[in-house]
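[1] Quick one, what's the 3D model for this:
(one chain, ligands or ions: 1)
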Amino acid sequence: MSVIGAGYLGAVHAACMAELGHEVVAIDTDAGKVASLAQGRAPMYEPGLDDLLARALATGRLTFTTDYALAADADVHFICVGTPQRHGENAADTSYVFGAADALAPHLTGPTLVVGKSTVPVGTAARLRDRIRSIAPAGDDVRLAWNPEFLREGFAIEDTVRPNRFVYGVDSPATDPGRADTDLLDRVYAEPLSTGIPRLVVDFATAELVKVAANAFLATKISFINAMSEVCEAAGGDVVALAGAIGMDDRIGPKFLKAGIGFGGGCLPKDIRAFMARAGELGADQALTFLREVDAINLRRRARMVDLAREACGGTLRGKRVAVLGAAFKPNSDDIRDSPALDVAAACRMAGARVTVHDPKALDNARVRAPELDYADAVTECLAGADVVLHLTEWTEYRELDPAELIALVAAPVVIDGRNALDVDRWRGAGWTYRALGRPTV
Ligand code: UDX
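    Coordinates of the predicted model:
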């Protein structure tokens with residue numbers, strides 16, 4: 001098989017498919033990325049990925065290249081390129097998907113299956129099928145399927161080989177060619193399917209929608225609890241206790257009810273915006289206007305965090321030292337795309353504070369994105385002389401800090417927990433003023 005695009009999705013997919021026993025050629029236009037992956041070095045931090053790459057490369061079943069011609073013999077081609085938000089718009093930029101198809105199609109000389117995995121606006125699969133067939137020498141012998149991924153950063157390998165479900169969007173699933181596409185995908189995923197993971201066969205549009213609907217639901221769940229956080233702040237309630245209590249209702253469930261500075265990353269924010277934009281094009285914009293509110297609640301939490309920092313510093317951040325723990329959009333990742341943590345840090349800097357950021361993995365990426373901030377390789381260095389400490393990404397190592405030891409380092413022992421993850425009693429017991437979003441002050 002070929003895997004086109006060796007970014008987060010593609011690099012993990014290619015390595016996992018080789019581990020399952022397939023022969024995989026992974027193609028990317030970025031020669032630097034290809035060279036590094038070919039040596040077993042992932043371009044991002046993902047637990048277990050370097051080891052997996054090393055194992056897969058050693059079998060000889062995994063190759064990285066910039067040359068599309070090497071894909072010519074593959075039975076299946078996975079399209080795994082990105083669909084970022086377009087500049088100045090909500091809509092997704094699908095030019096990489098169509099670019100990949102245009103580069104691949106001239107090499108498709110016989111019957112083959114192209115499988116889209118990228119997250120795309122509904123309707124893309126049908127357009128892509130027609131485009132590839134119009135270019136490929138094999139014409140209508142090229143089949144297309146849509147097989148969305150649901151991988152979470154930090155669990156990308158597990159989510160690729162043991163997803164909670166496989167979804168196949170198949171062109172005319174009830175016809176012989178449609179059934180053949182399903183059979184081929186079943187062969188690709190034979191090993192995980194043999195463990196009983198459900199597999200759903202649907203049409204193109206439904207497959208495309210499953211992915212964005214799932215992400216819209218997750219974003220809504222987070223913004224729901226963050227809206228409750230705002231109400232708790234107004235009413236004097238405790239959002240952590242509230243989330244615990246409503247999460248015990250198994251119709252609601254406890255997951256994705258962590259209140260804090262909200263969601264970021266390369267998926268949820270841009271996916272809900274692209275979903276709204278696409279619904280507008282389809283004349284169904286009213287159905288998704290609530291996502292505008294989901295987005296607004298999410299961004300308001302970041303602003304609220306900056307307000308709390310300002311309050312803690314006596315009404316102004318000008319000239320104050322702010323220590324920021326965390327730059328990644330979530331723990332176990334070095335991804336800073338639309339990171340709430342980095343956004344809050346930058347906003348404090350804009351308000352005149354001197355901001356020092358620590359993160360176990362994301363500092364190199366953060367330095368490039370936000371060069372105006374100061375960076376510290378050690379937590380102790382980050383906290384030195386701080387007027388306020390902001391806990392913005394819930395890395396385990398921050399929960400393991402000893403607040404009693406740290407208190408001597410700071411100018412004022414005030415910590416604001418933007419992730420509701422620190423042990424309140426421990427920090428207060430050690431003499432810190434502890435504040436958090438959606439929780440009582442004392
Ligand atoms: C998400 C989806 O979970 C995944 O299925 C999809 O394929 C890609 O997008 P990911 O972006 O890796 O995955 O992160 P996720 O674990 O979903 O977290 C997203 C953001 O929400 C993070 O910033 C996280 O800190 C935040 N979050 C998550 C909360 O603020 N509260 C929660 O309760 C859960």
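[2] Which SSE is immediately downstream of the lengthiest helix in the chain?
    Longest helix in the chain, counting residues (DSSP state H): helix 204-235. Counting by DSSP states H and E, the element after helix 204-235 in chain order, helix or strand, is helix 239-247.
[3] That next one and the ligand, are they touching?
    No. Helix 239-247 does not reach the ligand (C-beta under 6 Å from any ligand atom); its nearest approach is 8.4 Å. (C-beta placed from N, C-alpha, C; glycine too.)
[4] do the helix or strand following that helix and the ligand meet?
    Per DSSP H and E, the first helix or strand lying C-terminal to helix 239-247 is helix 268-281. Yes. Residues of helix 268-281 contacting the ligand under C-beta under 6 Å from any ligand atom: Leu268.
[5] Alpha carbons only: can I get helix 268-281 in CSV?
    The C-alpha coordinates for helix 268-281 follow below in CSV (Å, rounded to 0.1, in the frame of the first residue of the first chain):
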residue,chain,number,x,y,z
LEU,A,268,-11.3,20.3,17.3
PRO,A,269,-11.1,24.1,16.7
LYS,A,270,-10.6,24.0,12.9
ASP,A,271,-13.0,21.1,12.5
ILE,A,272,-16.0,22.8,14.1
ARG,A,273,-15.3,26.0,12.1
ALA,A,274,-15.0,24.0,8.8
PHE,A,275,-18.2,22.1,9.7
MET,A,276,-20.1,25.4,10.1
ALA,A,277,-18.7,26.8,6.9
ARG,A,278,-19.7,23.6,5.0
ALA,A,279,-23.2,23.5,6.5
GLY,A,280,-23.5,27.1,5.3
GLU,A,281,-22.6,26.2,1.8
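[6] quick revisit: can you give me the buried ones in the longest helix of the chain?
    Buried positions in helix 204-235, judged by neighbour count with 16 or more other C-beta atoms under 10 Å: 204, 207-212, 215-216, 218-230, 232-233.
[7] next one: stretch 103-121
    Neighbour-count burial for stretch 103-121, counted by 16+ other C-beta under 10 Å, picks out 104-105, 107-108, 112-121.
[8] for those, which one is nearest Tyr96?
    Set against Tyr96, the nearest of those by C-beta to C-beta is Ser118 (7.8 Å).
[9] mind listing what that closest one touches?
    5, 9, 79-83, 96-97 (C-beta atoms under 8 Å, 6 or more residues apart in numbering).
[10] Assumed it was part of a helix.
    No. Counting by DSSP: H, G, I helix; E, B strand; the rest coil, Ser118 is not part of a helix but coil.
[11] quick one: contacts for the residue nearest to Ile222 when sequence neighbours are not counted?
    Distances taken as C-beta to C-beta, 6 or more residues apart in numbering place Phe263 nearest to Ile222, at 5.0 Å, with adjacent residues excluded. Applying C-beta under 8 Å, 6+ apart, we find Phe263 in contact with 218-219, 222-223, 269, 298, 329, 340.
[12] and if you look at Tyr434?
    If you count contacts by C-beta under 8 Å, 6+ apart, then Tyr434 has 415, 417, 422, 424, 427-428 around it.
[13] Most neighbours among those, which one?
    Val415 (29 neighbours; other C-beta atoms under 10 Å).
[14] Point out the residues in the stretch 251-400 of the chain that sit beside the ligand.
    256-258, 260, 262-265, 267-268, 329-330.
[15] still on that earlier bit, which elements pack onto the longest helix of the chain?
    helix 124-135, strand 142-146, strand 166-170, helix 239-247, helix 268-281, helix 289-312 (3 or more C-beta pairs under 8 Å, 6 or more residues apart in numbering; DSSP states H and E).
[16] Comparing the ones you listed, which comes out most buried?
    Greatest average neighbour count among these goes to strand 142-146 (a mean of 26), per mean count of other C-beta atoms under 10 Å.
[17] What is the subsequent helix or strand relative to it?
    Once the chain leaves strand 142-146, the next helix or strand it forms, by DSSP H and E, is helix 156-161.
[18] what's that next one in contact with?
    With contacts defined as C-beta under 8 Å, 6+ apart, helix 156-161 is touched by 8, 12-13, 15-16, 19-20, 46-49, 52, 149-152, 191-192.
[19] now with 7 Å?
    8, 12-13, 16, 46, 48-49, 52, 150-152, 192 (C-beta atoms under 7 Å, 6 or more residues apart in numbering).
[20] Any buried residues in it, and which?
    Neighbour counts over helix 156-161 (16+ other C-beta under 10 Å) mark 156-157, 159-161 as buried.
[21] before we move on, what about stretch 382-393?
    Of all the residues in stretch 382-393, those buried under the rule 16+ other C-beta under 10 Å are 382-383, 386-393.
[22] which pair in those spans the largest distance?
    Across the buried residues of stretch 382-393, no pair lies farther apart than Asp387 and Thr393, at 20.3 Å, counting by C-beta to C-beta.
[23] and Leu113, what does it touch?
    Counting by C-beta under 7 Å, 6+ apart, Leu113 touches 75-76, 143, 145, 181, 184.
[24] oh sorry, the question was meant for His22
    Residues in contact with His22 (C-beta under 7 Å, 6+ apart) are 1, 61, 188.
[25] What count of nearby residues applies to the closest residue to the first one other than its chain neighbours?
    What sits nearest to Met1 in space, not counting adjacent residues and going by C-beta to C-beta, 6+ apart, is Val76, at 4.3 Å. Using other C-beta under 10 Å, Val76 has 22 neighbouring residues.
[26] Go ahead and confirm Val76 touches Val115.
    Yes. Contact between Val76 and Val115 holds when scored by C-beta atoms under 7 Å: they sit 6.0 Å apart.
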